[in-house]
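Participant: task: produce atomic coordinates for the following.
(2 chains)
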Amino acid sequence: MTPIEQAESISSKLKLNRVSLKNFLTTQGILIVFIICLAGFSMFSDRFLSEENIMTVIRQASMIGIIAIGVTVVIIGGNLDLSVGSMLSFATVLVVDLHDKIGPTNAIIVMFAMTLLIGAINGLLIGYMKLNSLIVTLAMLSAIQGITLIYTGGQNVDIANQDATWFAVFGRGFVGGIAVPILMFAVLALCVHFVMRYTSYGRRIFAIGGNPTAAVYSGIRKSRCVFTTYMISAFSVGCAALVLGSRVMGSQNNVGQGYELLVLAGIILGGTSLMGGAGSVWKTVIGVLILGFIQNGLLLLGYPYYTQWLVTWVIIIVAVWLDLANQRKRLFTSHS
Amino acid sequence: MVNVKNISKVFGGIQPIWLFVIAITVFFSFMSEYFLTTGNFMNILVQTSTIGLIALGMTYVMINGNIDLSVGAILALSAALAVDLQSYGLPVALFAAISAGILLGALNGLIVWKTGVNSFIVTLGAMIGIRGLVFIYTKEQSFYASDFAFSDFGISTIASIPTLGVIFLVCCLIMHLVLTKTGHGRNTFAVGGNREAAADAGIRVGRHMLINFMIVGFFAALAGITLATQMGAATPNLGRDYELWTITAVVLGGTKLAGGFGSITGTLGGVLAIGILRNGMNLMQVPAFYVLVILGAILIAVLIIDQKVNRKSGQEVNV
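Facilitator: Residues are numbered from 1 along each chain as shown, chains lettered A, B, ... in the order given. Just a heads-up that it's a prediction; the model follows:
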C-alpha cells in the first residue's frame, strides 16, 4: 500500500468516525440530556448517585415505565392510548379486591383476562372499525373509570392479611438484590425492544405508523396489527397493576388517574414521535428514567414535589423542539 | 346505514347532536316529573356554563387543527388568582386572573407557532407545568373568597335567569358571530382545513393560531372565575379532567379533530347533551358513576354513526 493510499484510508476512516459521532449526537441527544441531568444533580447532592438512591428511583419509575413500553408500541403504530390510566385503576382494584375472595392466582388470571378484554375492545374499535384512537380511548377512559367506581361502589379496597400472602412479591420482593418491579420493567423492555427491532412483526408496526396506505398496499394486515398493539398496551397495564396492587396492598378507585399523561410525557421526552412510524422502546426507557431522576433530584435538593412538573414542562418542549429543529436544520418554522 | 342517512336527510338542517338533545329531553321528561321545569333548566344552564365556556374557545382551537389540553390547569390558576388577590380589590383580582389565562394561552400559541411542535405535545407539557405553577402559587392550600360580592355574584340572576347562564349564552352568541361573520373565523377554518394552502393563499397561519390559543386561555380563565364564584373558594386541584370533558363536548358537537370543520351551535348542543344527561340521571337517582360509562358509550356511538354517514372521517389522520 502506497503512503498516499494509506493516508486516504486513514482520512476516510476519520471522516467516517466524525460522521458517526455527529450521527450519534443527533440521534441520541436524549441520552446526553440524561447524562447532563445526572451530573448536574450529583454535583449538588452527595446522596444522588448512591446505589441505594439510584435503585429507589428506578423502582419508582418502573411502574410508569412498564405502561410506557406498551403505549410506545401503540404510538409507533400511529395511534394513541389515553385509557391506560383508568385501565390501571380498574386492574389494580380488581386484583386487590379479588385477592381475598378467590385467591391470588385466580385474581391475577381474572385481572389479566379483564384487562386484555378492554384492550381487545380498544383494538376492535380502532383497528377493525377504524375509529379515531384519540376519541375512542378518551371515551374508554371515562367509561372504565365509571365501571371501576360501579364495581367498588366508591369504596377503597384492600387486602386483609398483608403478611400472609405471596402476592407481595411483585411490589415488595427482591431477586438477587434487585427489586422485582425493576426486573419486570427490564424484562418487558428487553422483550418488546427485541420484538420491535428484530422481528417482522415489529417492522410491520413501524410500516403502519409511518405510512398506513403504503403498508396496506404492501400486504400488511393493518387492522390485525393495530389490534395487537392495543393488546400489548393492555398487557403492560396488567403488569403495572400487579406491581401497584402488591406494593400498596390496597387501592383507591382512581389510583391511575392522570397516568396516561405522565406516560405520554415520558414517551415524548424519549423522542418517540406522536405521528407514528418512529421511536423505540429504548428511548422510552430513557425518557421515563429522566422524569424519575428529575423528580428525585429536585426532592433531594429540597424543592417541593410539584416543582418537577414545571421542570418537566420546560424539558418536554425543549427536547421535542430541538428534535424537530434538527430534522429541518432550522430553529424556527417558516409560518408567517 | 340507510336509516341513518334517511334520518339526516329528513332533518337536513338540524345538527345530529341537537336531535340527541331533543331525544334525551323528551326521555327524561317522561322519566322524572322534576325534569321539565324552568328551575331545573336554569340549573342545567349554570352547571354546563363552566365546561361550556371553555368549550367555546376549544372549538376555535380544534377547528384551527390544534388542541389544548392545558385548559383545566389554566382554570385552576385563574380561580386561585381571582380568589386570593381579592385583598387588593375585586377588579385587580379579576384582571389578574383573566390576564394570566390570556398570557398562558399566548405562550402556548407562540410555542406552537414558532417551534412547529405539535399542539398536543405543547399543551400536554403546559398542562403538567401550569398545574405545577398552581401548586407553587397556592402552596397546596385552598383559598376562600373574602369579598362577599364575589360569591354573591355566582347566585345572582338577571331577569330571573342566572347571571352565569346569561354570560354563557352571550359568549356563545358572540363567538358564533365571530366564527361565521368575520375574517378571523373564515381564516380559522381555512388554516384547519389545509395549513399549507392557507399559508400559500397569504393567510398568516401563525397569527391566527396564536389568537385562538389566547381565546381559549381567556375562556378557561373566565370559567375559572365563574366556577370560583359558585364555590366561593378555589382549590389547587380544581379543573382536573376538564380538558377531557371539554374535548368530549366539542367532539360530540361535530367538530373534527383534524380541523377545518365545526360550529359553535354544535358545541352548545354537545355541552347541553352532557349537562342534561348528568342532570336527568341524577333526578332518576342513577349513581353518578353510570354517567361516566354512558358518556363513554355515547361518544363511541357518535363516532361510529359519524363514520357510517360520512365515510371520509374514517380516513382522518390521528392527532
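Participant: go ahead and flag the most central residue of chain A.
Facilitator: In chain A, the residue lying closest to the centroid (C-alpha atoms, centre = their mean) is A:Ala68, at 1.4 Å.
Participant: how much space between it and A:Val195?
Facilitator: Distance from A:Ala68 to A:Val195, counting by C-beta to C-beta, to the nearest Å: 16 Å. C-beta: built from backbone N, CA, C; applies to glycine.
Participant: residues in contact with the residue in the stretch 101-250 of chain B positioned nearest to chain A?
Facilitator: Nearest residue of the stretch 101-250 of chain B to chain A (C-beta to the nearest C-beta) works out as B:Gly129 at 2.5 Å. If you count contacts by C-beta atoms under 8 Å, 6 or more residues apart in numbering or on different chains, B:Gly129 has them with A:309-310, A:312-314, B:73.
Participant: same thing with A:His99?
Facilitator: A:107, A:159, A:165, A:167, A:245.
Participant: and B:Gly266, by the same measure?
Facilitator: Here B:Gly266 is in contact with B:15, B:17, B:59, B:253-255 (C-beta under 8 Å, 6+ apart).
Participant: please give the element, helix or strand, for it.
Facilitator: helix B:264-283 (DSSP states H and E).
Participant: quick check: B:Ile305 touching B:Leu19?
Facilitator: No - counting by C-beta atoms under 8 Å, B:Ile305 stays clear of B:Leu19, with 10.9 Å between them.
Participant: ok so, going back, okay, who's weakest in the contacts of B:Gly266 by pLDDT?
Facilitator: In terms of pLDDT, B:Gln15 ranks lowest among those, with 77.
Participant: what distance do you get for B:Asn40 to B:Gly72?
Facilitator: 27 Å.
Participant: with B:Arg240 instead?
Facilitator: In terms of C-beta to C-beta, B:Arg240 sits 6 Å off from B:Gly72.
Participant: out of the contacts of B:Gly129, which end up buried?
Facilitator: Buried by 16 or more other C-beta atoms under 10 Å in any protein chain shown: A:309-310, A:312-313, B:73, out of the contacts of B:Gly129.
Participant: make CSV out of the residues you listed and add pLDDT.
Facilitator: Listed next are those as CSV, based on pLDDT from 0 to 100:
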residue, pLDDT
A:Trp309, 88
A:Leu310, 90
A:Thr312, 86
A:Trp313, 89
B:Ala73, 95
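Participant: buried residues in stretch B:234-249?
Facilitator: Quick answer for stretch B:234-249 (16+ other C-beta under 10 Å): B:234-236, B:238-240, B:242-249.
Participant: may I see the buried residues of the strand or helix carrying A:Val311?
Facilitator: Per DSSP H and E, A:Val311 falls inside helix A:307-328. Going by neighbour count (16+ other C-beta under 10 Å), the buried part of helix A:307-328 is A:307-313, A:315-317, A:319-325.
Participant: equivalent analysis for stretch A:124-138, please.
Facilitator: Under 16+ other C-beta under 10 Å, the buried positions of stretch A:124-138 are A:124-127, A:130-138.
Participant: intersect those residues with the contacts of chain B.
Facilitator: A:125, A:130-136, A:138 (C-beta under 8 Å from any C-beta of the partner chain).
Participant: with just CA atoms, put the helix holding B:Gly266 into CSV.
Facilitator: What follows is helix B:264-283, C-alpha atoms only, in CSV (Å, rounded to 0.1, in the frame of the first residue of the first chain):
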residue,chain,number,x,y,z
ILE,B,264,-70.5,26.9,18.0
THR,B,265,-74.1,25.7,17.7
GLY,B,266,-72.9,22.1,17.6
THR,B,267,-70.6,22.7,20.6
LEU,B,268,-73.6,24.2,22.5
GLY,B,269,-75.5,21.1,21.7
GLY,B,270,-72.6,18.9,22.9
VAL,B,271,-72.3,20.8,26.2
LEU,B,272,-76.1,20.7,26.8
ALA,B,273,-76.2,16.9,26.0
ILE,B,274,-73.6,16.2,28.7
GLY,B,275,-75.4,18.6,31.1
ILE,B,276,-78.9,17.1,30.5
LEU,B,277,-77.6,13.5,30.8
ARG,B,278,-75.9,14.2,34.1
ASN,B,279,-78.9,16.2,35.5
GLY,B,280,-81.5,13.8,34.2
MET,B,281,-79.8,10.7,35.6
ASN,B,282,-79.3,12.4,38.9
LEU,B,283,-83.0,13.1,39.0
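Participant: chain A: helices as residue ranges?
Facilitator: A:3-27, A:29-44, A:51-76, A:84-102, A:104-123, A:133-152, A:169-172, A:180-198, A:200-210, A:212-217, A:222-248, A:259-270, A:281-300, A:307-328 (DSSP state H).
Participant: equivalent analysis for the stretch 101-250 of chain B, please.
Facilitator: B:119-138, B:148-153, B:163-181, B:183-193, B:195-200, B:205-231, B:242-252 (DSSP state H, counting those that start in this stretch).
Participant: which of the residues in the third one are buried?
Facilitator: Same thing as helix B:163-181. Here helix B:163-181 shows B:163-168, B:171-172, B:175-176, B:178-179 as buried, counting by 16+ other C-beta under 10 Å.
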